[in-house]
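> I would like to see how this sequence folds:
(chains A, B, C and D)
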Protein chains: 2
Amino acid sequence: MSAGSPFFSATESSAPRRDRTRQALLQSALTEIHGAGFQAASLSRIVAGAGVSKGALYHHFPNKLALGYAVFDQPITDYIVKTFIEPLQNAEDPIECMHRVGTMERDRMLEQGVTLGCPLVNLSQEMSPVDEGFRTRIDALLTLWRNNWADALRRGQENGYVRSDIDPIAEATLMIATRQGSVALTKTAQSLNLLENVMTAFISYLDRLRPDDWTSRKAKIGTES
Amino acid sequence: MSAGSPFFSATESSAPRRDRTRQALLQSALTEIHGAGFQAASLSRIVAGAGVSKGALYHHFPNKLALGYAVFDQPITDYIVKTFIEPLQNAEDPIECMHRVGTMERDRMLEQGVTLGCPLVNLSQEMSPVDEGFRTRIDALLTLWRNNWADALRRGQENGYVRSDIDPIAEATLMIATRQGSVALTKTAQSLNLLENVMTAFISYLDRLRPDDWTSRKAKIGTES
DNA sequence: ATATATATACCGACCGGATGGTATGTAGGT
DNA sequence: ACCTACATACCATCCGGTCGGTATATATAT
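Next comes the predicted model:
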C-alpha cells in the first residue's frame, strides 16, 4: 500500500480519497508527459486518464506548470535517486557498481520498450531552454547525480579500484552524458542492437578505467577478503 | 533542377524570387524550430520571421510537416555531414581527427551560446516517438554517421593508430551517444564548465583508445614521414 | 442516534486565444 | 491571356484556465 504519512496511516477508506485522486493525476500526467512531452501534453487527456474532471485537477494544482513540477519532484526524482544515486552511495567498488547499474538499466529498457525514452532525459531536453523552473530542478538533480558518481570514483581511486590519472568529476560527467545520449539514440533507432553496441563500448570503457596493475591487484584483493 | 546550381552560385540579388522566398522560409523555420521545438513552432512566427505571408508558405510546402522535413533534409543534414562525416572520410589518424572535430564543436558552442542545443539532437529527442517520417530521416543520418566513424576507426586499427581490441561500431556508437548527451546536458546546466569536463574526459578516453605501444610507435611514424 | 453546519473534494460547461490550414483574390513576368 | 508567386481574410479546432454549482465527509449540537 502506498501509505501517506508514516505516522498517521489513517483508516484505509476515509483518508485516502484526496491522496488517491492526487496520485492518479500524477500518474496519468507522468504517462502523458512521457509520451507527448510537457508542452504537448493535454490536460484533458490527463484528467481523462486519471478518471477525474478538470475541476479536480485545478483543485489540486494551480496550473499546468505546477503539475509538471510535481511530476518531476516526485515520481521522476524518486526513480533517478533510487536507481542511479543510492546504489553508488556506499559501493565498495564503483566501477563494478556502475557496470551493474548500467546493465540493469539496459535490461529494464529491453522489458519496458525503448520508444519513449527516459522522462528525465526527455524533460531535460525539452524544457530546459523554455522554463527556468524546470531547468533549475533538472540541473539540481543532475548535479547531485554527478557529484555522487564523482565521489564514488574518487573513493575508488583511494582504494585502488580506479586508475588515479583520471579526473573523477570529468569522468562522472562523461558517463551521465553517455547515458543521456544512449537513451536518446536508442529511442530514435528503435533498435536494441544499438543499445547493445553502446553497452559493449561502455563496459570496455569502464575496464580501461582500472589501474594498469588491476589484474594482479584484483587477485590480491580477492585473497584478502 | 531549377536552382541551387553548384556552378551558378548566383549573385544574391539575381537569384530567382522563388528560391529566395523558399530559403528565407527554411532559414526562419530552422531558427524557430531550433528555439521552440517542432511541435511548438508557430507557422505565424515563421512566416513573420521570413518576411512573407502564410500564402507563400503554403505555396511552397503542403503543410507544417513537409516544412519540417525540408528543414531537416537540407540545412540540418548539410551541417552534420559537413561537420562530422566528411572530415572522417579520408582522415589518416581517426583519433586525432575526432579530437579535432570535438574541439571545434566545443569552440563553436562557446561562441554561439549553449542554451539552444543542436537542432539534430533536439529533433531526434522530440520527434522520434511522435512522427515516423522524422524518425526514419534522423535514423538514416545517424546510421550514416555511425558507420562512417566506425569505418574510420577500423582503418585506424589497420594502420596502428587505434588499439585492436575494441569494436569499431560499438565505440563509434558510444561517441555519438556521448556527443548527443553532452549537448543535452550542457543545455540544461547552461554551464561551460560542464562542457569542459566532458571534453577532458572525452580526450582522455580517446587517448586510451590508442594501442598500448602507441607512444613509441608514434615516434616511429613521426620519423617515417 | 439524528440533524445541522461547514469545509473539502470534485464536476463540467464555458471562455478567450492561438494554432494549423483554406479559400479567394491579385501583382507581375512572359 | 495566362500561369506562377504570393497576400489577406477567414475557419474549425483544440488548448489552458475559470467558475458556478454539487456531492461528500466531518465536526458540532441536540
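
> Show me which residues of chain A sit near DNA strand C.
Counting by CB under 7 Å from any atom of the strand, the residues of chain A close to DNA strand C are A:17-18, A:20-22, A:52-56, A:58-60. Every C-beta, even on glycine, is put in place using the N, C-alpha and C of the backbone.

> Can you tell me which of the residues you listed is closest to A:Leu144?
Of all these, A:Leu144 sits closest to A:Arg22, with 25.4 Å by CB to CB.

> and the closest one, what element?
If you go by DSSP states H and E, A:Arg22 is part of helix A:16-36.

> Measure how far that helix is from the centre of its chain, please.
19 Å (CA atoms, centre = their mean, to the nearest Å).

> How is chain A partitioned into domains?
A:13-61, A:72-213 (automatic domain parsing).

> Tell me which helix or strand comes right after the longest helix along chain A, heading toward the C-terminus.
Criterion DSSP state H: the longest helix present in chain A is helix A:132-158. Remark: after helix A:132-158, the chain's next helix or strand is helix A:168-189, criterion DSSP H and E.

> could you give the angle of that following helix to helix B:168-189?
Orientation check (axes from the mean of the first three to the mean of the last three CA atoms, to 10 degrees): helix A:168-189 against helix B:168-189 gives 110 degrees.

> ok, how many other residues are close to A:Arg179?
23 (other CB atoms under 10 Å in any protein chain shown).

> What of A:Leu26?
20.

> Surely it and A:Asp73 touch.
No. In terms of CB atoms under 8 Å, A:Leu26 does not count as a neighbour of A:Asp73; the distance is 9.9 Å.

> Arrange the domains of chain A in JSON lines, one row each, with mean pLDDT and distance to B:Ser164 as further columns.
JSON lines is the format used below for the domains of chain A (pLDDT from 0 to 100; distance: least, CB to CB, whole Å):
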{"stretch": "domain A:13-61", "mean pLDDT": "90", "distance to B:Ser164": "42"}
{"stretch": "domain A:72-213", "mean pLDDT": "96", "distance to B:Ser164": "12"}
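
> so how far is DNA strand D from the residue nearest to the spatial centre of chain A?
Centroid-nearest residue in chain A: A:Ile80, 2.9 Å away (criterion: CA atoms, centre = their mean). For A:Ile80, the distance to DNA strand D (CB to the nearest atom of the strand, to the nearest Å) stands at 25 Å.

> Please identify which helix or strand holds that residue.
A:Ile80 is part of helix A:77-80 when elements are defined by DSSP H and E.

> Show me what that helix is packed against.
Contacts defined by 3 or more CB pairs under 8 Å, 6 or more residues apart in numbering or on different chains; DSSP states H and E place helix A:77-80 against helix A:119-127, helix A:132-158.

> Name the stretch among the ones you listed that sits most buried.
Stretch with highest mean neighbour count among the helices and strands packed on helix A:77-80: helix A:119-127 (a mean of 24; mean count of other CB atoms under 10 Å in any protein chain shown).

> and that one with helix B:119-127, angle?
120 degrees.

> can helix A:119-127 be found next to DNA strand D?
No. Against DNA strand D, helix A:119-127 shows no contacts by CB under 7 Å from any atom of the strand, the least distance being 13.5 Å.

> can I assume A:Ile46 is in contact with A:Leu25?
Yes. Using CB under 8 Å, A:Ile46 is in contact with A:Leu25, at 6.9 Å.

> Quickly list what's touching both of these two.
Both A:Ile46 and A:Leu25 are in contact with A:Leu57, A:Leu67, where contact means CB atoms under 8 Å, 6 or more residues apart in numbering or on different chains.
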